[in-house]
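Asks: what shape does this take:
(one chain, ligands or ions: 1)
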Amino acid sequence: MVPTVEWKDGAVRLLDQSRLPEFVEFLDCRDYQTVADAIRTLKVRGAPAIGVTAAMGVALGAQTVTASEYEAFAQAVLVICEHLAATRPTAVNLFWAIERMKRLLTSIRTQPIASIKAALLNESQVILDEDIALCKAMGQHGATLIVSGQTILTHCNAGALATAGYGTALGVIRAAWEQGKQIQVIADETRPVLQGARLTAWELMQDKIPVTLITDNMAGSLMRQGKIQLCVVGADRIAANGDVANKIGTYSVAVLAKAHGIPFYVAAPYSTIDLKTKTGADIPIEQRNPLEVTTIHGSHPIAPQGVAVYNPAFDVTPAELITGIITERGVFKPAGLAAEFQ
Ligand code: MRU
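Replies: Residues are numbered from 1 along each chain as shown. Sure thing, here's the model as predicted:
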């Protein structure tokens, strides 16, 4: 896979996911404002990838701060952190990564500014490398749940594209495939931004993992026909009680899975678990531009001009609909997650 995000020649290089699958293009962000804009406009998206990119954005911004005294330097870096934190509200990995960078900034305050800059850059790379390792560990745990011959439904894109590499939900699928299990994937197209059609289908086809694309409203019918044996999705934030925020439409898939007796799993690393948020009702849900609903790619209209639109980017799946949460430490019941990760 081409890297989703990397530090390259003094810039944060992103694979521009808003252009996939038609164009495989890269965006070199040379200032933190461009990084923030890329997160806001979904050029990079997916909770872990957003976190990694934000950390690199902090590091990038810090390199350009000219202050020579720690207090002024730290103040400028905190402004950069705030700017990046204001991009998207739901994926907790964004705030987790920024907090980690801030903690480092404080902990090495006595070092020369040049060393602090180098340490911030190094930390963002550590976060990136760690994210890939977490995905691979999740993959190993999750693959034990998959039996050869199964067809697995996924929603949105929780793949290599949504992380620094390998993926969470797709990491589980990828690991099972690498173990030689003969599996098929059903990808929901995932309206309105089509992460399933544009990204999951593309990513799995790159790896030659069998994938069939459906529109979101087909999932129930397939389940009723016995064509799906397992569901696995990613997460943007998991509350202390095991409720999960993920791409809009995830809740519908979970309800359908329950109605048809199909196991429904969520795959996510510790950086997505937010024990400070008690339940799903406390998770802020991003509202996005109505044009995502009324047009294709912001240009071709598919609804009458001026129609009222509701466009929440995420929904909350209650813990009771979730069979298990696949993490880097193993698979847990949603109710058991807080005790394990406190
Ligand atoms: O709006 P997006 O594309 O950032 O939403 C992404 C999702 O909902 C993913 O399922 C989630 O971030 C998990 S990614 C491993």
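
Asks: return the alpha-carbon coordinates of stretch 187-195 using CSV.
Replies: What follows is stretch 187-195 as a C-alpha-only set of coordinates in CSV (Å, rounded to 0.1, in the frame of the first residue of the first chain):
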residue,chain,number,x,y,z
ALA,A,187,-18.4,-3.2,1.3
ASP,A,188,-21.3,-0.8,2.0
GLU,A,189,-20.8,2.2,-0.3
THR,A,190,-21.3,4.5,2.7
ARG,A,191,-23.3,7.5,1.6
PRO,A,192,-22.9,10.4,1.5
VAL,A,193,-19.1,10.6,1.0
LEU,A,194,-18.7,7.1,-0.3
GLN,A,195,-15.7,5.9,1.7
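
Asks: give me every residue that touches whichever residue of the chain sits closest to the ligand.
Replies: In the chain, the residue that lies nearest the ligand is Gly234 (2.7 Å; C-beta to the nearest ligand atom). Placement of C-beta: from N, CA and C, glycine included. Neighbour list for Gly234: 46-47, 156, 158, 162, 167-169, 246-247, 266-268 [criterion: C-beta atoms under 8 Å, 6 or more residues apart in numbering].

Asks: how is the protein partitioned into domains?
Replies: As given by automatic domain parsing, the domain ranges for the chain are 5-136, 139-340.

Asks: elements contacting the helix or strand containing Ile98?
Replies: In this assignment (DSSP states H and E), Ile98 forms part of helix 92-107. Other elements packing on helix 92-107 under the criterion 3 or more C-beta pairs under 8 Å, 6 or more residues apart in numbering; DSSP states H and E are helix 47-63, helix 70-85, helix 113-143, strand 273-274.

Asks: what about that helix, distance to the chain center?
Replies: Put simply, helix 92-107 sits 17 Å off its chain's centre (C-alpha atoms, centre = their mean, to the nearest Å).

Asks: give me the residues contacting it.
Replies: With contacts defined as C-beta under 8 Å, 6+ apart, helix 92-107 is touched by 39, 47-48, 50-52, 54-55, 58-59, 74, 77-78, 81, 84-85, 87-88, 116, 119-120, 123-124, 127, 236-237, 271-274, 277.

Asks: the same query, at a cut-off of 7 Å, please.
Replies: Applying C-beta atoms under 7 Å, 6 or more residues apart in numbering, the set of residues contacting helix 92-107 from outside is 47-48, 50-52, 54-55, 58, 74, 77, 81, 84-85, 87-88, 116, 119-120, 123, 127, 237, 271-272, 274.

Asks: buried subset of the contacts of Gly234?
Replies: Restricting the contacts of Gly234 to buried positions leaves 46-47, 156, 158, 162, 167-169, 246-247, 266-268, with burial counted as 16 or more other C-beta atoms under 10 Å.

Asks: could you pull out the strands for the stretch 151-300 of the chain?
Replies: With DSSP state E, counting those that start in this stretch applied, the stretch 151-300 of the chain shows strands at 151-154, 184-188, 211-214, 230-233, 237-239, 244-247, 264-267, 273-274, 295-296, 300-301, listed in chain order.

Asks: got the CA coordinates for stretch 231-244 in PDB?
Replies: Output of stretch 231-244 as PDB, limited to C-alpha atoms (Å, rounded to 0.1, in the frame of the first residue of the first chain):
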ATOM      1  CA  CYS A 231     -19.700  -7.700  10.400                       C
ATOM      2  CA  VAL A 232     -16.600  -5.700  11.400                       C
ATOM      3  CA  VAL A 233     -16.300  -1.900  11.400                       C
ATOM      4  CA  GLY A 234     -13.900   0.700  12.900                       C
ATOM      5  CA  ALA A 235     -14.600   3.400  15.500                       C
ATOM      6  CA  ASP A 236     -14.100   7.100  15.900                       C
ATOM      7  CA  ARG A 237     -14.600   7.100  19.600                       C
ATOM      8  CA  ILE A 238     -15.600   4.500  22.200                       C
ATOM      9  CA  ALA A 239     -17.200   5.700  25.400                       C
ATOM     10  CA  ALA A 240     -16.500   4.200  28.800                       C
ATOM     11  CA  ASN A 241     -19.700   2.100  28.700                       C
ATOM     12  CA  GLY A 242     -18.800   0.500  25.300                       C
ATOM     13  CA  ASP A 243     -21.000   2.700  23.100                       C
ATOM     14  CA  VAL A 244     -19.300   3.300  19.800                       C
END
